[in-house]
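Asks: test case, fold it:
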Amino acid sequence: MTANVTVIDHPLVQHKLTLMRRAESSTAKFRNLMTEISMLLAYEVTRDLPLKYEPIETPMGPMIAPLLAADKKLVIVPIMRAGQGILDGMLQLMPSARVGHIGLYRDPKTLTAVEYYFKVPHDIEERDMLVVDPMMATGNSAVAAVHRLKETNPNSMKFVCLLAAPQGIRNFHEHHPDVPIYTAAIDDYLDEHGYIVPGLGDAGDRLFGTK
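Replies: Modelled structure (predicted):
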């Protein structure tokens, strides 16, 4: 069930995730933790970025030093609205990355994803794409977003989330077995409303203070 899924179990990631889960964490604290954990997730997800080597001068002398390959272009696509919280942290580490947006909301009766906004950079075919959303619950939003984004033909694609439910992973990889998932935790199950348990509540509401 966890094929093509990477659980990022770094102690700092797990510590910050626990602080986010606490019901008493304020909106400001939740938002700051989201930024911090997103930076750590970006660190892990980009481990395979290629390097080039160039001569430079340090204060002590010359050396051949590694830099990110100039032809490696990234685009980060948050699933609105909660995905914006992950985007902010990742951009602190990768300020030159381009940004796309896909807006989806979950129909409360059918739990299916409905698209309301879509915009990506024009040169998407040259870019490696990170699709980001805090929660993979039913997986319906992730499935719909990735299906839509595949139409733009990015060079590669990864899906990054804080939490995933087993049902969501199974649903996602039934539709997109080629897209790897990176997550900080796989939780127990979904409740009757499609929320992850034990989870951390509604990530969008907690991020923006709307509930």
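Asks: let me know whether His175 touches Val143 as I believe.
Replies: Yes. Counting by Cβ atoms under 8 Å, Val143 is a contact partner of His175 at 4.7 Å. (Each C-beta comes from the backbone N, C-alpha and C, glycine too.)
Asks: more crowded one of these two?
Replies: Using other Cβ atoms under 10 Å, the more surrounded residue of His175 and Val143 is Val143, with 21 against 14.
Asks: assign the more buried one to helix, strand or coil.
Replies: helix (DSSP: H, G, I helix; E, B strand; the rest coil).
Asks: how about it, what does it touch?
Replies: Val143 is in contact with 113, 171-172, 175-176, counting by Cβ atoms under 8 Å, 6 or more residues apart in numbering.
Asks: show me these that map onto strands.
Replies: Counting by DSSP state E, these place Ala113 in strands.
Asks: want to try a markdown table for the contacts of Val143, with distance to His147 and pLDDT as columns?
Replies: Below are the contacts of Val143 laid out as a markdown table (distance: Cβ to Cβ, whole Å; pLDDT from 0 to 100):
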| residue | distance to His147 | pLDDT |
| --- | --- | --- |
| Ala113 | 10 | 76 |
| Asn171 | 12 | 96 |
| Phe172 | 11 | 96 |
| His175 | 7 | 97 |
| His176 | 8 | 97 |
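Asks: just the strands in the protein please.
Replies: Using DSSP E, strands in the chain cover 5-7, 51-58, 61-68, 73-80, 98-99, 101-106, 113-119, 127-132, 135-136, 156-164, 181-186, 189-190, 196-197.
Asks: buried deepest among those, which one?
Replies: strand 135-136 (a mean of 28; mean count of other Cβ atoms under 10 Å).
Asks: for that strand, what is the distance to the chain centroid?
Replies: 9 Å (Cα atoms, centre = their mean, to the nearest Å).
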